[in-house]
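In: return a 3D structure for these sequence lines:
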Amino acid sequence: MNSHSNKSNQQRQPLSHLTTSGKIQHFHALWVSDVHLGSIDCKAEFLLHFLNHSQCQYLYLVGDIIDIWALKKRVFWPESHNNVIQKILELASNGTQVIYIPGNHDEAFKSYADSHFRGITLAKQYVHQSINGKRFLILHGDQFDAQVCVSRIYAKLGDHLYDVLLWSNRQLHSVRSRLGYPYWSLASYIKLRVNKAQQAINQYRDAVLRYCAKQQVDMVICGHIHQPELSQHTINNRTITYANDGDWVENCTLIAETLTGNVELLKWDEQTLQAKVVNTIYFGASQTELIITPQPQHVA
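Out: The predicted structure is shown next:
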């Protein structure tokens, strides 16, 4: 697909310094969600650089990879977005097991659950078996919207305000780029300081954890709300790890399982061209050996 707006494409051309060769990072599994390919706010060039410098056995696409909603409003598909799709297909053809769990913005793919396409498995939800024998439930999280939103009016108002935040985010990033400063999310900074937004985030996490507790798994990995997090919670005397892999619109974050079975929340850093560890959970040999490191810095 080609964009109908040359001006829009010029705003998000691949950054020349991202061609710099970098160190290859090795993982057992990666979880990426809310990329929103087809949206002008997608940081496709950042994700592409990360994928080009990473190796993993499993790649989980946890929903909203392609933003069909945005594409219905206007066609926006620069080369960097197409390159991300081609990279995912390349990984699938070269031995990486790719599992795609559609979200709400790409819900058209939900009807193809339990099918396969060019090495990619589609599923509504999935259970990953970790190196250390833990069971990780993977889902996008849009099924919990009814438990979070007070009403449809508030939901629509929230979507509109979020679009305004992302527009402001674009303008600020454009100015910062010209001044030589790296990407920083104004949208996340503001969102985390609005009480109603924090309340919705907490309600969403609680709904996901309640569902996870019924599934008898050790960890849940989701997306949807664009709020990266890696934390532990006790539900019915059972310790459950909650992981939200964030997004590639505001935060450029993901969840990773290392080659030793630990789980990390990673944030891609434009200055170092590497995914830096924000938080880690060390899974020991027994179910109770879980140690979470303190978060060194705010994700946004």
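In: let's see stretch 67-76 as CSV, backbone CA atoms only.
Out: Extracted as CSV, the C-alpha positions of stretch 67-76 are listed here (Å, rounded to 0.1, in the frame of the first residue of the first chain):
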residue,chain,number,x,y,z
ASP,A,67,-4.0,-0.7,13.1
ILE,A,68,-6.9,-1.4,10.8
TRP,A,69,-9.0,1.3,12.5
ALA,A,70,-6.4,3.9,11.5
LEU,A,71,-6.1,2.5,7.9
LYS,A,72,-9.9,2.8,7.5
LYS,A,73,-9.7,6.5,8.3
ARG,A,74,-6.8,7.1,5.8
VAL,A,75,-4.2,5.0,4.1
PHE,A,76,-0.8,5.5,5.8
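In: break down the stretch 101-250 of the chain into its strands, ranges please.
Out: Assigned strands in the stretch 101-250 of the chain, in chain order: 116-117, 120-122, 126-129, 135-138, 219-222, 229-235, 238-244 (criterion: DSSP state E, counting those that start in this stretch).
In: so which of the ones you listed is the most surrounded?
Out: With neighbours defined as mean count of other CB atoms under 10 Å, the strands of the stretch 101-250 of the chain peak in mean count at strand 219-222, which reaches a mean of 27. Every C-beta, even on glycine, is put in place using the N, C-alpha and C of the backbone.
In: follow-up on the earlier one: got the strands of the stretch 101-250 of the chain as CSV, with mean pLDDT and distance to residue 185 columns?
Out: Shown next, in CSV, are the strands of the stretch 101-250 of the chain (pLDDT from 0 to 100; distance: least, CB to CB, whole Å):
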stretch, mean pLDDT, distance to residue 185
strand 116-117, 93, 33
strand 120-122, 97, 29
strand 126-129, 97, 28
strand 135-138, 98, 25
strand 219-222, 98, 20
strand 229-235, 94, 15
strand 238-244, 95, 15
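In: so for residue 106, which of these sits nearest?
Out: strand 120-122 (10.4 Å; CB to CB).
In: for residue 65, find the nearest of the strands of the stretch 101-250 of the chain.
Out: Of the strands of the stretch 101-250 of the chain, nearest to residue 65 by CB to CB is strand 120-122, at 10.5 Å.
In: what comes into contact with that closest one?
Out: Residues outside strand 120-122 that contact it (CB atoms under 8 Å, 6 or more residues apart in numbering): 61, 88-89, 92, 97-102, 109, 112-116.
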